[in-house]
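> here is my input, please return the structure:
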Amino acid sequence: MTILVTGATGSVGSHVLDQLLKAGVNVRASSRNPESAKLPAGVEIVRADLTQPETFDSALAGIQKVFLYANPEAVEGFVRAALTAGVEHIVLLSAAASLDPDPNNFNAQRHRAVENAIEQSGIAWTFLRPGMFATNTLGWAHSIRSEGVVHIAYPNAQVAPIHEQDIADIAVAALIEDVQSHGKLKGQGPVLTGPESITQYQQVEAISAAIGKPVAVEELTHEEARAYLSRFMPERFADVSLHYLALANTRPPIISDSFKRITGHPGRTYAQWAKDHAKDFASRDAA
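Numbers count the residues shown, from 1 in each chain. Take a look at the predicted model:
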């Protein structure tokens, strides 16, 4: 069995790759720029760009299973290539947003389009549906390093951010469940969250503890935050982010038990994530 890991240099894909290698599975990694990808020695790496269908055939040759990032623009071409190659199982990194029936939620529509295309293909599937990624807060890194401040709206909003390693754990469980007993995940779409509800203030406190320096919070209004975020991302992404934070300001998140049910142990806390990423937030002139 050979597994293709797309986006093997990404925050989740890199952990999926490492865990599969440790499990002794044959792995092929793909990247848009394989010549610059820094991967473990001996890993077969091929070029596969999810925006360029002509790269799919060679990447999928001889592959039985795939860890796939969602890309609605290319999914039809990818599915056709996967069927031709005889792929047996696709584990898709989707999003909890795919379950949102709101027709105005473009993020939900994008992920649902990918899920639908794979489900209709007849290839066995597992859809991983994480909520908020803990890595989203890497967007605070620059202002923490340069100013010692986080600029946010709704600092009391309660969230349940998930560690990228926890997502990778479930992906690997799905990919090798016929080799090791991790439960039946084919045809399943587990919603994944972190193990706890914490406020944005508490996230900042966790980062402060991890780097051993105080970090202040500058509270922004909704419109101020929209203008601030739009400097770093498309406005529609800023609007979606603020929409969910506004909702989270009035109600706690639902904590999913999927991770613990599948793995038998609780997920990693945000405090653990902050420790794992302390170097991203530490001042560049720190010793």
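> which ones are touching Thr53?
Check again: residue 53 is Pro, not Thr. Listed by C-beta atoms under 8 Å, 6 or more residues apart in numbering, the contact partners of Pro53 are Ala74, Gly77, Phe78, Ala81. The C-beta positions use only the backbone N, C-alpha and C, and glycine is treated the same way.
> for the residues you listed, pick the one with the most neighbours.
Counting neighbours by other C-beta atoms under 10 Å, the top entry in those is Phe78, with 26 neighbours.
> host element of it?
Under the criterion of DSSP states H and E, Phe78 resides in helix 75-85.
> check which helices and strands that helix sits against.
helix 56-60, helix 106-121 (3 or more C-beta pairs under 8 Å, 6 or more residues apart in numbering; DSSP states H and E).
> show me what the shortest one is packed against.
Contacting helix 56-60 under the criterion 3+ C-beta pairs under 8 Å, 6+ apart are the following elements: strand 44-47, helix 75-85.
> what does the helix or strand of the chain with the lowest mean pLDDT rub up against?
Lowest mean confidence among the helices and strands of the chain (mean pLDDT, DSSP states H and E): helix 235-248, at a mean of 89. Applying C-beta under 8 Å, 6+ apart, the external contacts of helix 235-248 come out as 105-107, 132, 153-154, 157-159, 200, 222, 225-226, 229-230.
> then stretch 119-126?
79, 82-83, 87-92, 115, 118, 174, 185-189.
> angle of the helix holding Phe78 against helix 106-121?
Helix 75-85 and helix 106-121 meet at an angle of 20 degrees, taking axes from the mean of the first three to the mean of the last three C-alpha atoms, to 10 degrees as the criterion.
> counting contacts, what elements does the helix or strand just after helix 75-85 pack onto?
Downstream of helix 75-85, the next assigned helix or strand under DSSP H and E is strand 89-93. With contacts defined as 3+ C-beta pairs under 8 Å, 6+ apart, the packing partners of strand 89-93 are strand 65-69, helix 106-121, strand 124-130, helix 164-175.
> format the ones you listed as a markdown table; extra columns: mean pLDDT and distance to Leu245.
Formatted as a markdown table, the helices and strands packed on strand 89-93 follow (pLDDT from 0 to 100; distance: least, C-beta to C-beta, whole Å):
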| stretch | mean pLDDT | distance to Leu245 |
| --- | --- | --- |
| strand 65-69 | 96 | 24 |
| helix 106-121 | 93 | 14 |
| strand 124-130 | 97 | 17 |
| helix 164-175 | 97 | 20 |
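> put the buried members of the contacts of stretch 119-126 into a PyMOL selection.
The PyMOL selection below is limited to those of those classed as buried (16 or more other C-beta atoms under 10 Å):
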select buried, resi 79+82+87+89+90+91+92+115+118+174+185+188+189
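> domains for the protein, by residue range?
2-130, 134-160+194-253+266-281 (automatic domain parsing).
> among those, which comes closest to Ile170?
Relative to Ile170, the nearest member of the domains of the chain by C-beta to C-beta is domain 2-130, separated by 5.9 Å.
> low pLDDT regions in this structure?
178-183, 284-287 (pLDDT under 70).
> pull the CA atoms of the helix holding Phe78 into PDB?
In PDB, the C-alpha atoms belonging to helix 75-85 read as follows (Å, rounded to 0.1, in the frame of the first residue of the first chain):
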ATOM      1  CA  VAL A  75     -11.800  18.500  -7.300                       C
ATOM      2  CA  GLU A  76     -13.600  17.200 -10.300                       C
ATOM      3  CA  GLY A  77     -10.300  16.700 -12.200                       C
ATOM      4  CA  PHE A  78      -8.700  15.100  -9.100                       C
ATOM      5  CA  VAL A  79     -11.500  12.700  -8.700                       C
ATOM      6  CA  ARG A  80     -11.300  11.600 -12.300                       C
ATOM      7  CA  ALA A  81      -7.600  11.000 -12.000                       C
ATOM      8  CA  ALA A  82      -8.100   9.100  -8.700                       C
ATOM      9  CA  LEU A  83     -10.700   6.800 -10.400                       C
ATOM     10  CA  THR A  84      -8.300   6.200 -13.300                       C
ATOM     11  CA  ALA A  85      -5.500   5.400 -10.900                       C
END
